[in-house]
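# just the structure for this:
(chains A and B)
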Amino acid sequence: MESMFLMGPTGEVLIERHFRATSRRCSRNVVCDFYWKQVSSQSTIDVQDIPPVLVAPVNNRIGSSPVYVISIQKDNIFYLVACLGEVPPLLVIEFLHRVASIFTEYFGSPCDENAIKDNFSTVYQLLEEMVDNGWPLTTEPNSLKSMIRPPTLVGKLEKVVMGTQSNAAVSESLPDGTISNMPWRKAGVKYAHNEIYVDIFEEVDAIVDINGRVISSDVSGSIMVQSHLSGVPDLLLSFKDPAVIDDCAFHPCVRYNRYERDQVISFVPPDGDFELMRYRVKNASQLISLPITCRPQFNYSSPSPTLSVVIGMKAVTSLIKSSKGSIGVIEEVSVTIPFPKSVRTTDLRVSFGRVLYDESTKIAKWTIGKLDDKTRQYDLKGSITLTKGSLRPEENPPLQLTWKIPLASVSGLSVSGLNLSGESYRPYKGVRNIVKSGKYQVRCN
Amino acid sequence: LIVPMMNNPHHPTGPGSSAPPPFPPGAGAGGPHSQHPQVGNATGGVGGAPPPNNDSYFTETRKGEVNELRTLLRSFDKERNPLRKREVIKKVIAYMTLGIDVSRLFSDMMLLVETRDLVVKKMVYLFLCNYATTNPELAQMCTNTLQKDCSNEDPMVRGFALRALCSLQLPQMVEYISEPLRKSLTDPHGYVRKTGVMGCLKLYHLNRDFADSCGLVDILYDLLKDNDTNVVTNCIYVLNEIMREDGGMRMNRAIMLHLLNRLHEFSEFGVMAVLDLVPRYRVANSDEAFAIMNLLDPLLRTSNSGVALAVVRCFFALTEQTGDDPLVMQRQVVDRVKMPMITLTAGGSAELVYSLLKHVDVLSQRFPGVFDDEYRQFYVRYNEPTHIKYLKVSILPKVANANNAPDIIGELSEYVGDIDARLSRLAVRNMARIACSNAGGDWGAEHVVGKLVEFLDLNVAHVSAEAANALKDVLRKNPSLREHVAPPLPRALKYTTDPIGKASIIWLLGELSDISNEAPYVLEKLIDSYDTISNASVKMALLTATMKMFFKRPPEVQKMLGRLLKYATDDVSTQDVHDRALYYYRLLKSSPQIAEQILSNLSACVAIEKTFAEEDDSDMHAALMNEFNSLSIIYGQTSENFIDEEHRVVPAMMAEENVEGAAASLLNDGPAHAHQPSTNFEQPHPKPTSATNGTAPSAAVVDLLDFGDSTPTPAPIAAPSNDGLLLNPNASMTGEAFQKMWGEIASPTLTDSFGLKNLPNTADTEGALGKLFLNTMASGELPTELKFFLYAQESHSGSYLLVQAVISKSSPSFSYTIKTNATDASKKCNSLVDKMKSALVGFM
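As a prediction, this is how the structure comes out:
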C-alpha cells in the first residue's frame, strides 16, 4: 500500500496519508480526482456501483506506471488505498474494513464525515499504529485501544461543557502488551460485573416470485458476542445440535481444531463486541417456509396505472422457538418499493403503518411495524402517474422486505452450555436467538 | 509577514469576555470574524466563549490564518493548558490535510518537538515527516531531539521518535539514523523493535550501500526468531522488499517450519505475510507438503477472507510439489475450499463479495463442475452493485450442467427484462453460452434457442439485437438447431435497428436461406434500399449472405446479387465493402465452383466440444492459478500484462536444500532435523554459512499438529539433556521387535499415573512426546481412552525404553507402564517420566 485517502460524500479529501517514499506518485490529484470522476460518472444514484479495484492511468512527468486504487465504502465515506505493485486485493479490502470498523468503534456509529472531521487527529494516530511503511501493523482493536484511548463519554461531555477537547488522549504508558499468543486480547482487563452475551442471528435471504413461489432461499447465521469478562477467561461454547451447521468461519480467537474434533467452540474472547462465527445453515431451502406472504400487483396497461401490495402473515411452523410460547409476532416489517424511471409520481394509501414516497429516488418505503394477526391482511393501494410521453414500463423492479422475529431460529441452533475456565468468578450469561430478513426480495413480474 | 505579538488571542481580556479576540492587523485581510476559527478562544472560565466549532478546521481559509497560527505557535511557551496547546497543533495539521501549504511554519513547529505531551509530540512528528523533504536543513536541526527521544525511558516515545527519524527521507541523515536504529533492534520492548525493523527498510531505501555495510539483513534474519510476532511479521515484510530483485526473501527449511509452527501466534495480517512465503517453499517430500496442508487447513475457517484465499494459494502451490497430477490434486483442493468461499461470500461486504466472486469465476472455468451445485448463490439480487450483478451473470453459464440448466436458463431470462440494458444484454449472451458449451445437454440448447427466438420477437431493440447475435454463435456451434431459428428472422429484420443485431440476422438469413422461403425476398428489399444502409458491417453481412444464398437458390438470387455487387463496388463510403464486393465479383467471374467452396467453408461449424478460438482461455487460467489471490485474478490477466516493470516481483522458489534426513516424514521424526546441518537459521546465503547456531532451531522441532491450541507449547527440550538420559533422535524399531521385547521383560520397571487438566488428542500427545525422541509405535482411540505404545532408545548404550500409556477420557489422566532393558533402569525411567511430564505440561 502506498497511500491512503478518506473521502467524504462530496468528494472532499478528509484524510491523506502517504506511507512510503515512492508514494509521491499516488498524489491526491492522481488518486482522488480519478476516483471522484468515476463516482460522479455513475448514472445511478447508487455509488455502490464502483468496482472495488480500479486502475488510475498516470501520465505525468514522474512516470507512466498505473496506480491501482482499491476502495471500500462505509457510512458515506470512501476509503481508498493506492498501490503500485501486485498485492492480494482481499488483504487490502479486509484491511480497509478493519480500519473502518475500528473508526466506528472509536467514534461511534455511523462513522461519517463529521465523525472523521471531529476526530481527525485520532485518525492520524490510529493510522500511524495500524500501518507502517505501507504494511498492516497493529490491527486488533484491543491492543490499539490500550495505545490510543478512544474518545470517552466523559471526554465528550467535557468538550461540550468546558469547550475543550480532551479526546485523542494517549494513554500515558504503553500497554503491558497483549497476552502472549493472543494478539486479540489485552492483559489486565477488570470488570466489577462479569457478563457475556451471545446473540445468534439468522438471516434469511430469499427471492420470491410474484406468485409466492420461492426461487432461491438461503439462511446464513452469525454469532455476535459481547464480552465483559475479567482476566483471561477461557470459554467453551457448545451447541445442542451442531449438525445443522453446514460450513462456518471463525474469529481468529477460536481454536479451530477443537471445533473440527468435537464441534464445540473453545476460545479466549477479545474484550468487547465481536463476531465469533459466521455459518451457513444446512438444507436451509428445505428448512424454511417464509413467514410473510407478499402479493404485489402492478397494472400499467390501463390509462391510469395502479398498484396494490398485500402483506399477510403465515403460520411459521418451521421456525424453532427458543422460548416457551408460540411465535406470534413479526417485528420491524417494512417494504421498499422501487419504481421504474418512467414513473413521475405515485399516490399511495395503506391500511396499516405509513408510507413515504421519495420523488427523487422513486422509491416508496412502507413501514408496517408489527404483524401479530394471522387473519388480517395489510394492504397498500395506489395510483401511479407516468412522466409525459414515456413508454409504459414493461415491468417493475422487485420489492424488498425487511422483518425480524425475535426469540426464534430457523436451524434450531441453540447453545447448550457456555462454560468458563481459567477464572474463578461466575459471569452473567445471556443467550438470544433472532431470525431476520437478509436480502429478501419479491419479484413483480 | 511577521505579526506583532500584541493582542494575542490566547489571552482573552478577562473572564467572562465573550467578544472574539481582536485580530492582529494585517491578518485575514479584513475578513469577517466569523471566518476565523476560534482557536484558543475558549476561556475556560464561567460563561466563556462558545466552544470551538470543529467544522472550522475544515472551513475555507485565507492566507492570514497561517500567520495567525504562527502567532499562536510563538506564544506557545506561555500557554499552560495542554489541551489548548493541542488545539493549535491540531489546526496546523488540519490545514496540512486540507492541502494548504503550512510549510512556512516549519521552524516554529520544530521548536515544539521538545514537549512532554505525547499527543503534541505525535502531531509535530507527523508535520515534520510531511515537510522534511522541503526543508532539509531545518529538519536536520531537530535530529538531536529525535535522537534523544530515541533513548527516552517510555518505549512509546522511543518508537515514535525512531519512526519519525526514519521517515524524514533525508539522505544526508543516514549516519544519524543508523545508531539509534541498531540500538532499537535489541530494545527490550517489542514495540520499539518492530518500529526499528521497519526503519531498516527506510534506511535501505535511503542508502542501499550503507544498509548493506551495516549488515542489517543478517540482523533481520536473526530477528525472525523474536518472540513478538509483530516484529517477525515486519521482518518478513522488510526482507521481502529488500530482496525483491531476487524474487523475495531468501528462506530455508528451518525458517519456514519455524514460522509455520508459530502461525497461531500471528495476527491475521501477519498470518497472510507468512502464507505469502509458502508458495515459494520447496518441500522436502510429498509427505511434508501434505503435512503443511493439514496444518493450514483449519485456517480456511477464519472469517478473514484474505487469510482463507492465501491458504488456497498455498494449497495450489503445494499440490504442484506432491508429485501427483497437480490438476487432479488441485481439483480436490477446490472441492475443499468451495464451501468456505461460499460462506465468505454469503456474509461479506460488497467489495469482498466482488473479489471472491472473481476468484470463483476463474476457478469455475479451470475446474468445471465444482461449483455447479451452488448455482443459486450466483443469482442476482436487485440491490446489489451492478459490477457484482454482471459478474454473477457471467458465472452462471460456467456452473451450468444438465441438471440445473433449466433453473439457470429460467433465471437468466428473468434478467433479460431488467431495466439495466447492459445486464439484459449480458443475460442473453450468457444464455447463448450455455447453448454453445452444451452444458445443459441437447434439451438445454434447444430450450435456449427457443428463448432466444422469443427475445428476437420481443421488440426491445437491445434485446433483439443481442438475441440475434447470440443465435448466430449458437448456430455456428450447433447447426442442428437451424429449424428453430429460421421462422422469426424475416420479421425480426424489419424492426431490428441495432446494426450489429441487423448484421447478425442477415448472416443467419444467408445461412438458413435453404429452409427460409422468404429469405431472398427480405434481402432483396434491403438490396433495393442499399443507399439507406449506413453501417458498413450490415453491408458486409448483406454481401456475404447474398453470395451464400446465390449458391443455394441461384435462380431467385442471381439478379439481386448482380445489383448488389454493382451498388457495393460503386460504394465509395467504405473501402472494405468496396473491396469485398470487387473480390466476390472477380471470384465469381474466375470460377463459381471455387467461390462456392470458399464461402461454404467460411460457415464451417465449430465442433461442439471445442470453444471458439477467441474464448479459449485455458492457458490463461492455468497461468492465473499461480497468481491466485492477487490483482491478476481481478483483471483476468497475468501480472506481467499490467504491473509496471519496476514494481513487478517474480517470486523465486527457495533454493534446493540438502534434505537427506528430511526425507523421512515431518510428523514422525521431526526432531531428526535438529541435527541436520541444513537447519541453519542464518540468512540462507549461497555462500557457506558458519555452523554456529547449535542451539537455535527450536524451529526444526516440528510439531505441526498441535497448532491451534493456544495452550502454551512446552519449551522444546534440547536434544542432549544433561540428566543422564540421552535418547537417540534416530531411533527406530519394528513392531515385531517391540512386541518381542515387551513380552521378554516380565515385570515393568515403573507403573504410575499423573492427572491432566485438559484432554489432549492423539496427535497432540504424539507430537509432544516425539519431541523427546519418544516415538510412537502405535496408537489408537477407544471410546473411553487413548492408548499409546511408545519407544525410545538410549543414545550410547543402545538399550530401549518401552512405554505403554493410556489417557483416560472421563477423568483426564496419563497412566504409564515403562519397561526397559537398560542398566540403572529405575533412574532412567524416572528421568523419562520427568521428561514426559514436561512435554505434556500444557495439558496439566
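# in the chain, which residue is closest to the centre?
Using chain A here. residue A:74 (8.9 Å; Cα atoms, centre = their mean).
# let's do chain B instead
Note: chain B centre (Cα atoms, centre = their mean) maps to residue B:629, 3.9 Å.
# so residue B:474, which state does it fall into?
Secondary structure for residue B:474, judged by DSSP: H, G, I helix; E, B strand; the rest coil, is helix.
# element containing the nearest residue to it once chain neighbours are set aside, please.
With sequence-adjacent residues excluded and distances taken as Cβ to Cβ, 6 or more residues apart in numbering or on different chains, residue B:474 is closest to residue B:435, at 4.6 Å. Yep, even glycine has a C-beta here, placed from its N, CA and C like the rest. Residue B:435 is part of helix B:421-437, with elements assigned from DSSP states H and E.
# please report the distance of residue A:183 from residue B:755.
From residue A:183 across to residue B:755, the span is 31 Å (Cβ to Cβ, to the nearest Å).
# these two: which is more packed in?
residue A:183 (25 against 11; other Cβ atoms under 10 Å in any protein chain shown).
# so where's the longest helix in the chain?
No chain in the question, so chain A it is. The residue-count maximum for a helix in chain A (DSSP state H) belongs to helix A:89-107.
# wrong chain, I was asking about chain B
helix B:326-347.
# so the next helix or strand along the chain from that one, near chain A or not?
Next helix or strand after helix B:326-347 toward the C-terminus (DSSP H and E): helix B:350-366. Yes. Judged by Cβ under 8 Å from any Cβ of the partner chain, helix B:350-366 comes into contact with chain A through B:350, B:351, B:352, B:354, B:355, B:356.
# could you single out the nearest of those to chain A?
For the residues of helix B:350-366 next to chain A, the residue nearest chain A by Cβ to the nearest Cβ is residue B:351; the value is 3.8 Å.
# which residues sit in contact with the residue lying closest to that closest one once chain neighbours are set aside?
Of all residues not flanking residue B:351 in the chain, residue A:52 sits nearest, at 3.8 Å (Cβ to Cβ, 6+ apart). When contacts are counted by Cβ atoms under 8 Å, 6 or more residues apart in numbering or on different chains, residue A:52 is found next to A:70, A:71, A:72, A:89, A:93, B:350, B:351, B:354, B:355.
# and with 10 Å instead?
A:69-73, A:89-90, A:92-93, A:96, B:349-355, B:358, B:385, B:387-388, B:634 (Cβ atoms under 10 Å, 6 or more residues apart in numbering or on different chains).
# how about the helices in chain A?
Using DSSP H, helices in chain A cover A:28, A:34-40, A:89-107, A:113-118, A:120-130, A:141-147, A:153-162, A:256-262, A:284-287.
# any idea how far the residue lying closest to residue A:259 once chain neighbours are set aside lies from residue B:587?
Leaving aside its chain neighbours, residue A:259 sits nearest to residue A:265 (6.0 Å; criterion: Cβ to Cβ, 6+ apart). From residue A:265 over to residue B:587 the distance is 76 Å, taken as Cβ to Cβ.
# for these two, indicate the residue with more neighbours.
residue A:265 (25 against 16).
# isn't the more buried one up against residue A:237?
Yes. Judged on Cβ atoms under 10 Å, residue A:265 makes contact with residue A:237 at a distance of 4.3 Å.
# nearest to chain B: which residue in the stretch 251-400 of chain A?
Closest point on the stretch 251-400 of chain A to chain B, by Cβ to the nearest Cβ, is residue A:256, at 3.4 Å.
# state the pLDDT value of that residue.
Note for residue A:256: predicted pLDDT of 82.
# pretty sure it contacts residue B:303?
No. Contact criterion Cβ under 10 Å: residue A:256 and residue B:303 do not qualify, at 11.4 Å.
# neighbour count: these two, which is higher?
Neighbour count, other Cβ under 10 Å: between residue A:256 and residue B:303, residue B:303 has more, with 25 against 22.
# report pLDDT for the more buried one.
83.
# tell me the bridge partners for the closest residue in space to it that isn't next to it in sequence.
Counting by Cβ to Cβ, 6+ apart, the nearest residue to residue B:303 once its immediate chain neighbours are dropped is residue A:249, at 4.1 Å. Counting by DSSP bridges, residue A:249 is bridged to residue A:278.
# now do the one 5 residues further on
Taking DSSP bridges as the rule, residue A:254 bridges to residue A:267.
# wait, it sits on residue B:302?
Yes. Residue A:254 is within contact range of residue B:302, at 8.7 Å (criterion: Cβ under 10 Å).
# just to revisit the earlier point, count the neighbours of the nearest residue to the residue nearest to the centre of chain A once chain neighbours are set aside for me.
Distance criterion Cβ to Cβ, 6+ apart; nearest residue to residue A:74, sequence neighbours excluded, is residue A:100 at 4.3 Å. Neighbour count for residue A:100, taken as other Cβ under 10 Å: 19.
# can you tell me which residues contact residue A:100?
A:6, A:72, A:73, A:74, A:75, A:77, A:79, A:111, B:349.
# and of the residues you listed, the nearest to residue B:145?
Within those, distances to residue B:145 taken as Cβ to Cβ reach their minimum at residue A:6, with 30.5 Å.
# please name the residues that touch the closest residue to that closest one other than its chain neighbours.
Spatial nearest neighbour of residue A:6, chain neighbours left out: residue A:15 (4.0 Å); criterion: Cβ to Cβ, 6+ apart. Residue A:15 is in contact with A:4-8, A:77, A:79-80, A:116-117, A:120, A:123-124, A:127, B:97, counting by Cβ under 10 Å, 6+ apart.
# residue B:194 now?
Contacts of residue B:194 (Cβ under 10 Å, 6+ apart): A:132, A:137-138, B:159, B:184-185, B:187, B:223, B:226, B:228-235.
# then residue A:253?
Counted by Cβ under 10 Å, 6+ apart, residue A:253 has contacts A:182-185, A:225, A:235, A:265-270, A:274, A:276, B:710.
# what is the burial count for the closest residue to it other than its chain neighbours?
In this structure, residue A:253 finds its nearest non-sequential neighbour in residue A:267, 4.6 Å apart by Cβ to Cβ, 6+ apart. Under the neighbour criterion other Cβ under 10 Å, residue A:267 is assigned a count of 26.
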